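Q: Have a look at this prediction, sequence included:
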Amino acid sequence: MVRTVDAVVVGAGPNGLVAANALVDAGWDVLVLEEQPAVGGAVRTAEVAAPGFRTDLFSAFYPLAAGSPVIRDLHLEEHGLAWSRAPSVLAHVLDDGPAAVLHALPEDTAAGLEEQTAGDGEAWLRLFAGWTRVRDPLLDALFSPLPAARHVARLLRRLGTGGALDLARLAVLPVRRLADETFRGEGGGLLLTGNAMHADVPADAAGSGLFGWLLSMLGQDVGFPVPVGGAGELAAALAARVRAGGGVVETGTRVERVLVSGGRAVGVTTARGGRVRVRRAVLADVSAPALYRDLVGTAHLPDRLVRDLDRFQWDHPTFKVNWALDRPLPWRSAGAHGAGTVHLGVDRRGFVDVSAALSKGEPPDRPFLVLGQMTTADPTRSPAGTESAWAYTHVPHGTEWTVDAVAGQVRRVEDALERAAPGFRDAVVGRSVQSPAGLQAADANLAGGAVNGGTSAVHQQLFFRPTPGLGRPETPVAGLYLASASAHPGGGVHGACGWNAARVALAAASPWGRLPRALARSAWGRLLQDG
């Protein structure tokens, strides 16, 4: 049996679900097909460490979602989503000495930095004041299809020539240099650099300063919120909204091929032998290499694109360990106890050692860890008095994850925790390990354990993402759009990749190249200025 719909969305990750929401809001008949048995992609939750301890299997904290106009304007609270926040946003702990803490209020963050080094509190407040000046036009520009001319013009009018040059310099500044120019002590630099390391850009590399600044300022602005009950509740709300709008979401259905006829995407086939025809578009929330090589096939693509795909660079693989703890983590530093997110394992010099080891293809002896204290952030995650926690670190490409290699990496991770929280191992009552191979098995988009859809380095951003071109969701196949983190603006749960793909698909389907009026009157209206 052949089904016919207006559009098929391949993949029910957050980008795919956002795309589907935009299409159903415009009145399209939409079918979402997801390979895994549950929606969410890298936004899922399960009890894997111990019964009663809910673990976010991939992403967990959502400053980008909280700051994203795309997610915010969906009003997901009407579909069951509720947010929770830890008492403090983030702490960077050292093996000894006080923590640098990003508190909920900028004045409190500044007071803590000032206590450590005179003048750094005022420096933090200046940094945050600069953020509040550019926040809305900057986020609108980042999350819109390139060239985002109107949003960029609004940003430039607000900044003036001097401010625009400063922002352009920040965009290519290494985070270590940004920290040195901004702060006298270590605390502010630890916050900036730790946040920059959420991406795969080394602390001394161009562009890392922008990542550190953006994530730090979002944390200070909207916090690092988590969905009550687990990350999967965010995906469930997105899917519920699609269904409420008349869309269909099917899980356990792997798309095997995008059908192309006359240079146009006309449908998909599934691994079960099913066939779906489309009247208007196919939107793919899959990685760029998977879309072009596996689903479309290089015979339908220009030679230039095929050559450029050979240069596509993945971000560093992720290695993650999840724990069920019978008590809160016994941190040396009091500042870490109320933080939902904790950075640990290295000081500012140690960041460079980590990047150097990864560039040499070696696992760092002392890894940098991003740790989530999930029960601290959301008390529903585990029984009272306990903690559901996880930590991840980046590891080199090409590692063979044998039993011994996995055990060795777990040891390095837990040694780092034991140094910062002596007695940690005694609190462990359950453990689950996700190696890069395990991450890919759970979500094919996480190729080799890469979680950002491709490197965040400047040579694969903006007009270079996923390959050199216009940096837009359109593909060489008419009616086919790239809607994953491989597209601009890249990784993170902000929904912009899916929104951008839906937006250009809707405009292309209109006889006048304009977005439907019904969509302009919906929750997306404020974002349509650049249509």
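A: Yep, it's here. Numbers count the residues shown, from 1 in each chain.
Q: Next secondary structure element downstream of the strand or helix carrying R243?
A: In this assignment (DSSP states H and E), R243 forms part of helix 232-244. Sequence-wise, the next helix or strand downstream of helix 232-244 (DSSP H and E) is strand 248-250.
Q: Now do the buried residues in that following strand.
A: V249 (16 or more other C-beta atoms under 10 Å). Every C-beta, even on glycine, is put in place using the N, C-alpha and C of the backbone.
Q: returning to that earlier point: which other residues reach the helix holding R243?
A: The contact list for helix 232-244, computed with C-beta atoms under 8 Å, 6 or more residues apart in numbering, reads 12-14, 17-18, 20-21, 24, 30, 32, 38-41, 43-46, 56, 62, 65, 74, 76, 78-82, 227, 249, 493.
Q: just the CA coordinates of that helix, formatted as PDB?
A: The C-alpha coordinates for helix 232-244 follow below in PDB (Å, rounded to 0.1, in the frame of the first residue of the first chain):
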ATOM      1  CA  GLY A 232      12.100  12.700  27.200                       C
ATOM      2  CA  GLU A 233       9.300  14.900  28.400                       C
ATOM      3  CA  LEU A 234      10.500  17.700  26.100                       C
ATOM      4  CA  ALA A 235      10.300  15.200  23.100                       C
ATOM      5  CA  ALA A 236       6.900  13.900  24.300                       C
ATOM      6  CA  ALA A 237       5.500  17.500  24.300                       C
ATOM      7  CA  LEU A 238       6.800  18.200  20.800                       C
ATOM      8  CA  ALA A 239       5.300  15.000  19.500                       C
ATOM      9  CA  ALA A 240       2.000  15.700  21.400                       C
ATOM     10  CA  ARG A 241       1.800  19.100  19.700                       C
ATOM     11  CA  VAL A 242       2.300  17.500  16.200                       C
ATOM     12  CA  ARG A 243      -0.400  15.000  16.900                       C
ATOM     13  CA  ALA A 244      -2.700  17.700  18.200                       C
END
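Q: Was I right to think G274 contacts T253?
A: Yes. With contact defined as C-beta atoms under 8 Å, G274 reaches T253; the gap is 7.5 Å.
Q: Those two: who's more crowded?
A: Remark: of G274 and T253, T253 carries more neighbours, 22 against 16, as counted by other C-beta atoms under 10 Å.
Q: Can you tell me the element the more buried one falls in?
A: In the assignment (DSSP H and E), T253 maps to no helix and no strand.
Q: and it, what does it touch?
A: L33, E34, E35, T270, A271, R272, G274.
Q: Can you give me the distance of it to V8?
A: Separation of T253 from V8 (C-beta to C-beta, to the nearest Å): 11 Å.
Q: where do the contact lists of the two overlap?
A: Joint contacts of T253 and V8 (C-beta under 8 Å, 6+ apart) are L33.
Q: Nearest to L156, out of the contacts of T253: which one, please.
A: E34 (40.5 Å; C-beta to C-beta).
Q: quick one: secondary structure of the closest residue to Y392 other than its chain neighbours?
A: Leaving aside its sequence neighbours, Y392 sits nearest to K320 (C-beta to C-beta, 6 or more residues apart in numbering; 4.1 Å). Following DSSP: H, G, I helix; E, B strand; the rest coil, K320 is assigned to strand.
Q: Contacts only, for K320.
A: Going by C-beta under 8 Å, 6+ apart, K320 touches W390, A391, Y392, V433, Q434, L439.
Q: want to throw those residues into a markdown table with neighbour count, distance to A265 and pLDDT?
A: Below are those laid out as a markdown table (neighbours: other C-beta atoms under 10 Å; distance: C-beta to C-beta, whole Å; pLDDT from 0 to 100):
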| residue | neighbour count | distance to A265 | pLDDT |
| --- | --- | --- | --- |
| W390 | 23 | 38 | 98 |
| A391 | 22 | 41 | 98 |
| Y392 | 24 | 36 | 98 |
| V433 | 17 | 39 | 98 |
| Q434 | 23 | 34 | 98 |
| L439 | 24 | 29 | 96 |
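Q: returning to what we had before: just curious, which of the contacts of T253 is nearest to D140?
A: Distances from D140 to those, taken by C-beta to C-beta, are shortest for E34, at 29.4 Å.
Q: Can you tell me, leaving aside adjacent residues, what's nearest to the closest one?
A: A12 (3.6 Å).
Q: Figure out the helix or strand that the one you found lives in.
A: Using DSSP H and E, A12 falls within no helix or strand.
Q: So what's the residue count around it?
A: A12 has 28 nearby residues by other C-beta under 10 Å.
Q: thought it was touching V43?
A: No. Counting by C-beta under 8 Å, A12 stays clear of V43, with 9.7 Å between them.
Q: Can you tell me the number of residues neighbouring R311?
A: R311: 11 surrounding residues under other C-beta under 10 Å.
Q: Please disregard the earlier target; I meant I71.
A: 24.
Q: Check whether it sits in a helix, strand or coil.
A: helix.
Q: just checking, it touches G492?
A: No. Here I71 does not reach G492: they are 10.8 Å apart, not a contact under C-beta under 8 Å.
Q: For F224, give its distance to H394.
A: On the measure of C-beta to C-beta, F224 and H394 end up 19 Å apart.
Q: Just the buried positions in stretch 268-285, please.
A: Within stretch 268-285, the residues that count as buried by 16+ other C-beta under 10 Å are V268, T270, G274, V276, V278, R280, A281, V282, L283, A284, D285.
Q: wait, which of the residues you listed is closest to T298?
A: So of those, ranked by how close each gets to T298 (C-beta to C-beta), first place is A284, at 15.7 Å.
Q: quick one: contacts for the closest one?
A: V9, V10, G11, V258, L291, L295, L480, Y481, L482, A483, S484.
Q: Tell me the bridge partners for it.
A: Counting by DSSP bridges, A284 forms beta bridges with V10, L482.
Q: From A502, how far off is it?
A: 12 Å.
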